[in-house]
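Enquirer: starting from these lines, generate the structure:
(one chain, ligands or ions: 1)
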Amino acid sequence: MKQFDFPKEIIPGEYAITPDAPKGSHDEKFPPLSHLYPERDKYLTVDVQRYYTKEFMNREWDRIWTKTWTCAGRVSDLPTAGSWFKYDLGLESFLITRGSDNQIHAFYNICRHRGNQLVHEDFGKRNKFTCSFHGWQWDPDGKLALVTDASTFRAEALKADLDLKPVRCETWAGFIFINMDDNAAPLLEFLGDIPRIMSSYDMEKMHVVKDVVVEFDCNWKVTWEAFIESYHLQVTHAQAKPAVDDVAYQIDYFRNGHARLHTALGYPSPRCEDRDSLDPILTYMLMEAGLDPAAFQGKAMQVRAAICAAKRNPNNKYGIDYSGFSDSQITDDWNYSIFPNMTFNTHPEGVLIMRFLPHPTDPEKSYYHVHVISHQLKEGTRPPAYQGVEDNVDISGKTRPARRYNHKSKPELGEVLEQDISNIEGVQRGLRSRGFDHNKYCEQETRIMQFYAEMDRWFAR
Ligand SMILES: [Fe+2]
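Expert: Residues are numbered from 1 along each chain as shown. Just a heads-up that it's a prediction; the model follows:
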């Protein structure tokens with residue numbers, strides 16, 4: 001591979017694709033990482049015991065997972081009273097319900113008699129939650145409904161609160177978040193700039209079109225790191241170079257560890273020698289936007305603008321009203337992240353969401369959970385390729401696709417994500433090796449530095 005010199009005017013990650021975007025607009029620029037984290041240079045390298053020791057895993061559990069907000073699922077998975085779903089996070093399992101009061105509740109998923117797990121499936125609808133061990137029952141609002149053979153308990157044995165034990169539960173943009181810490185700041189305060197800056201996507205109106213979980217033999221942070229930098233694009237996704245600008249991108253850092261990375265799509269990388277001729281990916285992108293590639297007169301560097309114009313047409317292919325979006329939102333990838341474990345590849349038509357979840361006991365295993373949510377698209381239109389939705393899936397929102405637990409050998413996540421995950425178990429083995437002791441991060445990987453800086457702040461609390 002030829003050495004590429006970053007153009008002098010481009011500071012990696014701080015160059016703006018839309019340099020004049022005004023304050024308050026979607027594309028506005030936020031200060032550099034050092035503004036929020038003056039200690040940022042401490043994270044140019046990190047030691048590797050954090051990826052495999054029990055000690056570090058326990059510290060994460062005590063200081064982060066049990067203290068911060070994490071996304072449990074979607075409001076749309078609780079359509080009516082009695083609807084529920086299960087959310088597993090590390091050592092804990094939670095039961096999220098819609099009560100007879102029509103409110104959303106979250107509880108520890110345990111029977112208050114002898115601790116048996118109450119629900120084992122992922123989703124359902126019930127009037128009563130019955131423990132499979134002795135038959136105690138609760139209402140969807142968590143109120144105790146039945147103690148089997150109650151007269152055989154002495155009063156002292158049942159004197160404690162026997163309703164399901166609640167956890168804090170708040171919503172944003174159609175997502176349900178829970179928090180085990182009663183003293184944590186409210187969700188919206190924790191999310192900071194995120195709700196305002198992501199508001200145009202109207203995610204609360206989107207419905208689930210894909211739901212896949214894959215288990216990997218690697219620490220959850222190895223997978224997470226693979227998705228929050230664009231340094232790997234030129235090598236891991238070399239085929240995409242003619243259609244992705246992996247040089248002039250933008251990274252914004254927000255309070256509380258949240259961030260975003262903006263990468264222009266439909267635009268050839270400056271790493272390409274030929275930035276004029278149409279590559280098959282660009283041709284496909286034109287077609288996907290409803291344009292006829294044969295009729296396209298422009299050069300490769302004009303494809304992005306042509307896609308934007310086609311989508312701005314009120315009769316656009318997807319039937320989406322793009323008027324509330326910036327040009328960059330219409331054509332590009334805006335990858336948002338919420339600390340500690342959630343990313344969004346946002347587009348006006350839909351959003352690809354990833355969550356990176358720890359294994360209950362093994363620091364070298366983790367779960368990778370991919371959700372795709374979509375707006376209602378024009379009748380007969382299939383979703384854009386980034387959604388990775390198979391041709392036979394009903395995307396109308398009338399049926400919610402089942403959750404699939406796919407084996408890592410056949411993840412069914414599409415070419416790009418499969419390229420990403422092809423590296424991670426090899427990385428875990430290397431991190432474990434006696435021949436390796438610390439990671440080094442370049443200025444294209446600063447979101448990882450921010451992540452560890454934020455993590456240390458939680459550890460220090
Ligand atoms: Fe990637």
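Enquirer: tell me where the stretch 51-200 of the chain has strands.
Expert: Along the stretch 51-200 of the chain, counting by DSSP state E, counting those that start in this stretch, strands occupy 70-74, 83-89, 92-98, 104-108, 123-125, 129-130, 137-138, 144-146, 168-172, 175-179.
Enquirer: just tell me which of those ends up closest to residue 230.
Expert: strand 70-74 (23.4 Å; C-beta to C-beta). Any C-beta I mention is one placed from the backbone N, CA and C, and that applies to glycine too.
Enquirer: can you list contacts of the closest one?
Expert: Contact with strand 70-74 is made by 85, 87, 89, 94, 96, 106, 169, 174-179, 208, 338, 340-342, 355, 371, 373, as judged by C-beta atoms under 8 Å, 6 or more residues apart in numbering.
Enquirer: kindly report the same for stretch 180-194.
Expert: Stretch 180-194 has contacts (C-beta under 8 Å, 6+ apart) with 30, 65-69, 92, 167-168, 170-172, 177, 179, 195, 254-256, 258, 336, 338.
Enquirer: mean confidence score for it?
Expert: Stretch 180-194 shows an average pLDDT of 98 in the prediction.
Enquirer: and the end-to-end length of it?
Expert: End-to-end distance for stretch 180-194: 22 Å, by C-alpha to C-alpha, to the nearest Å.
Enquirer: contacting residues around residue 166?
Expert: Contacts here follow C-beta under 8 Å, 6+ apart; on that basis residue 166 touches 105, 106, 107, 142.
Enquirer: where exactly do the helices run in the stretch 1-150 of the chain?
Expert: Along the stretch 1-150 of the chain, counting by DSSP state H, counting those that start in this stretch, helices occupy 33-36, 54-60.
Enquirer: please enumerate residues in contact with the last one?
Expert: Which is helix 54-60. So helix 54-60 is contacted by 49, 50, 358, 363, 455, 459 (C-beta under 8 Å, 6+ apart).
Enquirer: so, low pLDDT: which residues of the chain?
Expert: 13-15 (pLDDT under 70).
Enquirer: longest single helix anywhere in it?
Expert: Criterion DSSP state H: the longest helix present in the chain is helix 415-431.
Enquirer: which SSE is immediately downstream of that one?
Expert: strand 438-440 (DSSP states H and E).
Enquirer: using ChimeraX, define a selection of the buried residues within the contacts of stretch 180-194.
Expert: Filtering those down to the buried ones (16 or more other C-beta atoms under 10 Å) takes a single ChimeraX command:
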select :30,65,66,68,69,92,167,168,170,172,177,179,254,256,258,336,338
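Enquirer: and residue 261, how far from residue 304?
Expert: Residue 261 sits 17 Å away from residue 304, going by C-beta to C-beta, to the nearest Å.
Enquirer: kindly export the longest helix of the chain (C-alpha atoms) in PDB.
Expert: Extracted in PDB, the C-alpha atoms of helix 415-431 (Å, rounded to 0.1, in the frame of the first residue of the first chain):
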ATOM      1  CA  GLU A 415     -20.500  -7.300   3.500                       C
ATOM      2  CA  VAL A 416     -19.300  -4.200   5.400                       C
ATOM      3  CA  LEU A 417     -20.200  -5.200   8.900                       C
ATOM      4  CA  GLU A 418     -18.900  -8.700   8.200                       C
ATOM      5  CA  GLN A 419     -15.600  -7.200   7.200                       C
ATOM      6  CA  ASP A 420     -15.500  -5.300  10.500                       C
ATOM      7  CA  ILE A 421     -16.200  -8.300  12.600                       C
ATOM      8  CA  SER A 422     -13.700 -10.500  10.700                       C
ATOM      9  CA  ASN A 423     -10.900  -8.800  12.600                       C
ATOM     10  CA  ILE A 424     -12.100  -8.700  16.200                       C
ATOM     11  CA  GLU A 425     -11.400 -12.200  17.500                       C
ATOM     12  CA  GLY A 426      -7.800 -12.100  16.000                       C
ATOM     13  CA  VAL A 427      -7.400  -8.700  17.900                       C
ATOM     14  CA  GLN A 428      -8.500 -10.300  21.100                       C
ATOM     15  CA  ARG A 429      -6.000 -13.100  20.800                       C
ATOM     16  CA  GLY A 430      -3.200 -10.600  20.100                       C
ATOM     17  CA  LEU A 431      -4.200  -8.400  23.100                       C
END
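Enquirer: now what about that helix, what contacts it?
Expert: With C-beta under 8 Å, 6+ apart, helix 415-431 has contacts from 48, 51-52, 214, 216-219, 222-223, 226-227, 232, 236-237, 240, 364, 368, 370, 388, 408, 411, 413, 436, 439.
Enquirer: tell me which residues in that helix are buried?
Expert: Per 16+ other C-beta under 10 Å, helix 415-431 contains these buried residues: 416, 417, 419, 420, 421, 423, 424, 425, 427, 428, 431.
Enquirer: before we move on, what about stretch 179-193?
Expert: Residues 179, 180, 184, 187, 190, 191, 192, 193 are the ones in stretch 179-193 that count as buried (16+ other C-beta under 10 Å).
Enquirer: what residues are up against the first one?
Expert: In this structure, residue 179 makes contact with 67, 68, 69, 70, 167, 168, 169, 170, 187, judged by C-beta under 8 Å, 6+ apart.
Enquirer: now for the closest residue to residue 173 other than its chain neighbours: which residues touch it?
Expert: Distances taken as C-beta to C-beta, 6 or more residues apart in numbering place residue 203 nearest to residue 173, at 4.1 Å, with adjacent residues excluded. Residues near residue 203 by C-beta under 8 Å, 6+ apart: 173, 174, 175, 351, 373.
Enquirer: which neighbours in the sheet does whichever strand or helix holds the last one have, and how are they oriented?
Expert: Pointing back at residue 373 there. According to DSSP H and E, residue 373 maps onto strand 366-374. Paired strands of strand 366-374, with direction, are strand 207-216 (antiparallel), strand 350-358 (antiparallel) (DSSP bridges).
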